[in-house]
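Asks: predicted structure and sequence below. I'll ask about it afterward.
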Amino acid sequence: MISWFSTKPGWLAELGQHEKMEIRIFNPFNSRKTGWLGRSIDFERHRAQLDNRLHEKYFNVDGQLMILGGRNIGDDYFGYSQDANFFDLDVVFKGYIIQAFIGNYQQLWNSELLTPVTALIKTKEAGTYRQFNQALERAQTKHSQVAEAIASSLTSLSAMSFIDAEVTPVFDSLDKVKDNKPYFRTRVERLMEEPINNANKAVISSPYLIPGQSKYKIIETLTQHNAAVTLITNSSASNDSAFVPADFEEYCPILMKMGVNLCEFRDDAYAKDHLYHVDTYYHNRTFILTIRSPI
């Protein structure tokens, strides 16, 4: 299941007709055939509902292994864009914890918020995959070097090593689309209240550090309890948005006054596995706490 942003979705609709594939769209626009103008009007009329996107990112393989991270699907999220790439982090899980994600996925998959892509887009010559094959051929021709790099990396993958960990998954609520209440934020705040109050050190990594209505409540709590706080975020040069760094600039003195160690990502930084070493945007979202030992 995906959120819908493609302007040329024909090939995706073709894949949705495959006997071994099923594609559903989360919270789709009603104005699918009227272009961007129609979608803009649709959005203004139904903003409260449509201003909710599916943002979960995990890849479950037969309930045996699962990749969890913030990475989107696109060349620039895997180091294959010649213009700019995102630096990100993924975690691989195995074990019983995957069952919680299966339950969350099934609840969402069977909800009224998802619509089969075949019900939104009608394709001609069902089963021929003409548009998909054309898109694939164009990509393979234009980005042959990328295809070769992917094939090479697959042959040189090393075996993964795992560590034992206690994991507590936190999911958002489907009711959010109906009432726009901050279910996920509230659940996380409750879960982290005790460790935040007893933290000795905190490393917070986020591409965007724009505060909400409660400002920097968690950071204030950490510093008031004498925890050493380090923030990692994009610089103005490494940001893919012109508005975010301009908005964040006024909050930098506030954070510095709190005693926060603020680190900004360089636009010329790159990961060794990136094929193209071009401008890089920071996309990692991580919150690490070191808890004080009990006396």
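Replies: Thanks, I have the structure now. Numbers count the residues shown, from 1 in each chain.

Asks: all contacts plus neighbour counts: C-alpha atoms, from now on.
Replies: Noted.

Asks: hang on, residue 258 packs against residue 222?
Replies: No. Counting by Cα atoms under 8 Å, residue 258 does not reach residue 222; the two are 9.8 Å apart.

Asks: after the longest helix anywhere in the chain, which helix or strand is next?
Replies: Using DSSP state H to define each element, the chain has its longest helix at helix 183-197. Along the chain past helix 183-197, the next helix or strand (assigned with DSSP states H and E) turns out to be strand 199-205.

Asks: check which helices and strands that next one is in contact with.
Replies: Contact here means 3 or more Cα pairs under 8 Å, 6 or more residues apart in numbering; DSSP states H and E; on that basis strand 199-205 packs against strand 228-234, strand 286-291.

Asks: compare residue 258 and residue 222 (neighbour count), which wins?
Replies: residue 222 (22 against 15; other Cα atoms under 10 Å).

Asks: grab the nearest non-local neighbour of the most centrally placed residue in the chain.
Replies: Note on the chain: the residue nearest the mean C-alpha position is residue 70, at 3.4 Å, using Cα atoms, centre = their mean. If the residues on either side of it in the chain are set aside, residue 70 comes closest to residue 57, at 6.1 Å by Cα to Cα, 6 or more residues apart in numbering.

Asks: need the contact list for the one you found.
Replies: Residue 57 makes contacts with 68-72, as judged by Cα atoms under 8 Å, 6 or more residues apart in numbering.

Asks: how close does it sit to residue 288?
Replies: Here the distance between residue 57 and residue 288 works out to 20 Å (Cα to Cα, to the nearest Å).

Asks: for the residue lying closest to residue 285 once chain neighbours are set aside, grab the count of nearby residues.
Replies: Residue nearest to residue 285 in three dimensions, not counting chain neighbours: residue 206, with 4.6 Å by Cα to Cα, 6+ apart. A total of 16 residues lie near residue 206 under the criterion other Cα under 10 Å.
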